[in-house]
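Enquirer: for reference, the sequence and a predicted model appear below.
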Amino acid sequence: MSVKVLVLEDNPVARGFLCRVVRESFSDVGEIVEVSDLDAARRLLGHAAGGRAAPCGAPFQLILVDLELPDGSGLELLTELSQYPATRIVTTLYSDDEHLFPALQCGADGYLLKEDRFEVLVEELQKIVRGQPPLSPAIARRLLTHFRTGDATLPPASPAAPATPPPADHERLTPRESEVLTYLSKGFTIKEIAGLMGIKWFTVNDHIKSIYRKLNVSSRAEAAVLASKHGLV
């Protein structure tokens, strides 16, 4: 099974550039679908404007989303795709907080700047396979600066809560998810797990997202600790 990619970008030159980046980043790209506006993207994804219908056809595993589009903001689509099983990456020219943080809050799994060099974008996209968030270097530095300076807009840290038992959802881990969690807890990358299990990297990524949701964690470190503490693997 090959990777199906959706590129949402209204500028044809930028769209062609991003398609080349995707092809260079992954060896198993099967189909890249290009669209230039929200309406076209929604039709492909099975989303009527303002609605959330089931996606049409084979799902996309990777979606690149521009923020400024002729018929609205890419943030709208990110919000609508909150339950869609794909890795969603913002590709934009904007590196300011006013665009970065709303995109992450709307569910973006990564944030890339189109002005970066071809080689940099390829390297950042390849991080998906290694289980790392694809972030342009300038964006990664911006995030570090934001949190290191203790931005006043952030809520104050809450006191440490007493240890609690794992959420009931952990009982619903499927055998495949338990196997993935076992490998995660041993430090294997997504690509290595895919090879060990004989499945595609994006399938492993889907399992990891489900594990995080069921265990109510946000990183492999948290998942590994919870798994070890409560004998989930």
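Expert: Structure received.

Enquirer: show me where the protein has its helices.
Expert: Ranges of helices in the chain, per DSSP state H, are 12-25, 38-45, 74-80, 97-105, 118-126, 137-148, 175-185, 190-197, 201-215, 220-230.

Enquirer: which residues of this protein score low on pLDDT?
Expert: Residue ranges of the chain with pLDDT under 70: 1, 47-57, 147-171, 217-222, 224-233.

Enquirer: spatially central residue in it, please.
Expert: Geometric centre of the chain, nearest residue: residue 109, 2.8 Å, by C-alpha atoms, centre = their mean.

Enquirer: that residue and residue 12, how far apart?
Expert: From residue 109 across to residue 12, the span is 25 Å (C-beta to C-beta, to the nearest Å). For the C-beta atoms, the positions are set from N, CA and C on the backbone; glycine is no exception.

Enquirer: so what's the residue count around the residue nearest to residue 9 when sequence neighbours are not counted?
Expert: Leaving aside its chain neighbours, residue 9 sits nearest to residue 15 (4.1 Å; criterion: C-beta to C-beta, 6 or more residues apart in numbering). Residues near residue 15, counting by other C-beta atoms under 10 Å, number 20.

Enquirer: residue contacts, residue 15?
Expert: By C-beta atoms under 8 Å, 6 or more residues apart in numbering, the contact list for residue 15 reads 7, 9, 34, 36.

Enquirer: swap in residue 68?
Expert: 10, 74, 92, 94.

Enquirer: for the residues you listed, which one is nearest residue 65?
Expert: residue 74 (4.2 Å; C-beta to C-beta).

Enquirer: thinking again about what came up before, name the member of the contacts of residue 68 with the most neighbours.
Expert: residue 74 (26 neighbours).
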